[in-house]
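Asker: Sequence plus the predicted model coming up.
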Amino acid sequence: ATLIQLILSVYIAYRTKKEDEQFDTYRKFGLSLSSLFGTNFDGANLADAVFNKATLKYCRFSKETILLRTCFKNAENLKFARLTGTILENKAARELLVSGIGKGQSFRELNLKGAYLVGADLSGADFHEADFIGATLENANLKDANLSRIQALGVEFKGADLTGACLESWNIDATTQLDGAKADYVYLLSNKLERRPASGHFGEGEFAKLFNEVLDTVDFIFRNGIDWQAFMTSFDNLREKVRVESEDADISIQSITNKGDGVFVVKVNVPIHTDKPEFHSSLTKEYETNLKLIEAKYQAQLEFKEKEIAIYREKSIEFKEIIGTLAQKPIQNIIYNEPKAEVDMGDYSFSAGNLSNAVINVGDGNVVNQNSTVAAPNPDEIKLKELLAKLQQLIEKSDAPPEEKSDALEEVKELTVAAKNPKEEEKKSRARRAIKVFKGFIASIPKATETIGEIMTLSAAIGKLFGL
């Protein structure tokens, strides 16, 4: 029995020393006892401390111990220290910090907060979703490393080589130090997709510049087109607010990209340390409010036009009734080839300038009128021609390239002809093609102005009248 106990004790000790997870409880118990006789760093601030080649057997560390950028390079017997609650508790992390070598290894989802990895060879390593917050990777070799979805806030990358690294969705901010980092090229998506630059290599400082620009911008994505009048009004209001809060602060539009199918991406430069989610939310809410106001304004204008058309229809009906009444009387006078028709009706007279080849004087007799039928214009045609006339003026005064302007004006001309019967399927197809040209025309305008917003609004109204 004694022999069996001895063999069992030796086996447990062996497995514990090998850090077998099945014997982790025994290991922690043993380290807790042995650390009572070692140096106690529980709760100590060891930020930036250096334990290079130090013997740390039986030392006591805890989650209250501050190990920010603490160097453990070549430290000895660290696995025999009590490390509960620290990043060193994980065997893979501890061996990485001690050896500085992680080439081709997997460290997925590993906690490396505040890790000191200066000059470490991490080429080809997989750090997917690892937490590097506050770590220093100065002069580290990160060639071909997988840094997708890592937490890299406050990380020092000065002198690090990231050539060929995958940076998909890595989390960086203004505290991430990229100045001095180098890379010939990187990938923005896994499986070596979205290479930057697309060909060739980054010039000196270009890699850091690429991501610093990302840090200083907020993207606004509009999936169903954009009303530029509403956006510019919102942008100017928020810009004034930013300037009031800080005289040195300002915001500006970095770029506008037309992704096609009505999708626009507007990149806005913002001051450093801007609360980006709050900024994005503020501008979005302002835009939505202004968009509703503009839509209400145009709706009111359209309703007014519809009332005018209704009045015109009533007058046309009255005129036809008068002509019908007069046609039942005997003829007194017929005068041909005059551009105007006058009706003398005793105590009052009626004049109709649209009649051709006839003047009608009322008395006893019949009325003869050659080519005098007056057809009421299609109300949609009236509205379309008004909108197209406005659109033509805006296109002509825009800053778009001459070639784009010429194409857009040609489409306006074609739509004016198609306006006579806008609901015909052939005309609708023509309008659909024209509106695509207008979208391309908007994207060619170099500066975001209210003109763009007006063109977008008119295009939408025109499409609606064509039944699109």
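Answerer: Right, received. Where do you want to start?
Asker: Checking the residue nearest to Ser148 when sequence neighbours are not counted next. Helix, strand or coil?
Answerer: Spatial nearest neighbour of Ser148, excluding adjacent residues (Cβ to Cβ, 6 or more residues apart in numbering): Glu168 at 4.0 Å. For glycine as for every other residue, the C-beta is placed from the backbone atoms N, C-alpha and C. Here Glu168 is coil, with the state taken from DSSP: H, G, I helix; E, B strand; the rest coil.
Asker: these two touch, right, Glu168 and Leu189?
Answerer: Yes - applying Cβ atoms under 8 Å, one finds Glu168 in contact with Leu189, separated by 5.2 Å.
Asker: Those two: which has the busier surroundings?
Answerer: Each of Glu168 and Leu189 has its neighbours counted (other Cβ atoms under 10 Å); Glu168 has more, 19 against 13.
Asker: so who does that one touch?
Answerer: 148-149, 187-190 (Cβ atoms under 8 Å, 6 or more residues apart in numbering).
Asker: before we move on, what about Asp173?
Answerer: By Cβ under 8 Å, 6+ apart, the contact set of Asp173 is 153, 215.
Asker: pLDDT wise, what is it at?
Answerer: On the pLDDT scale, Asp173 is placed at 83.
Asker: One more: Ile12?
Answerer: Ile12 carries a pLDDT value of 58.
Asker: swap in the one 3 residues further on?
Answerer: Per-residue confidence for Arg15 comes out at a pLDDT of 58.
Asker: show me the contacts for Asp219.
Answerer: So Asp219 contacts 265-268 (Cβ under 8 Å, 6+ apart).
Asker: Low-confidence stretches in the protein?
Answerer: 1, 3-36, 298, 301-379, 446-450 (pLDDT under 70).
Asker: Tell me where it has helices.
Answerer: 2-17, 24-34, 91-99, 206-215, 228-245, 276-326, 379-397, 402-418, 425-444, 450-465 (DSSP state H).
Asker: Among those helices, show me which one is buried the most.
Answerer: helix 450-465 (a mean of 20; mean count of other Cβ atoms under 10 Å).
Asker: What count of nearby residues applies to Asn191?
Answerer: By other Cβ under 10 Å, neighbour count at Asn191 equals 8.
Asker: Now do the phi/psi pair for it.
Answerer: phi 60, psi 30 (degrees, to the nearest 10).
Asker: can you tell me how far Gln299 sits from Glu411?
Answerer: 25 Å (Cβ to Cβ, to the nearest Å).
Asker: Buried members of the contacts of Glu168 into ChimeraX, please.
Answerer: In ChimeraX syntax, the buried subset of the contacts of Glu168 is picked out as below (16 or more other Cβ atoms under 10 Å):
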select :148,149,187
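Asker: what's the farthest-apart pair in the contacts of Glu168?
Answerer: Arg149 and Tyr187 (13.6 Å; Cβ to Cβ).
Asker: List just the nearest of the contacts of Glu168 to Thr2.
Answerer: When the contacts of Glu168 are compared against Thr2 (criterion: Cβ to Cβ), the nearest one is Arg149, at 54.8 Å.
Asker: That closest one contacts His128, correct?
Answerer: Yes - at 6.1 Å, Arg149 counts as touching His128 under the criterion of Cβ under 8 Å.
Asker: returning to that earlier point: now render the helices of the chain as a markdown table, adding distance to Ile66.
Answerer: What follows is those, written out as a markdown table (distance: least, Cβ to Cβ, whole Å):
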| stretch | distance to Ile66 |
| --- | --- |
| helix 2-17 | 28 |
| helix 24-34 | 20 |
| helix 91-99 | 15 |
| helix 206-215 | 27 |
| helix 228-245 | 35 |
| helix 276-326 | 29 |
| helix 379-397 | 63 |
| helix 402-418 | 61 |
| helix 425-444 | 53 |
| helix 450-465 | 54 |
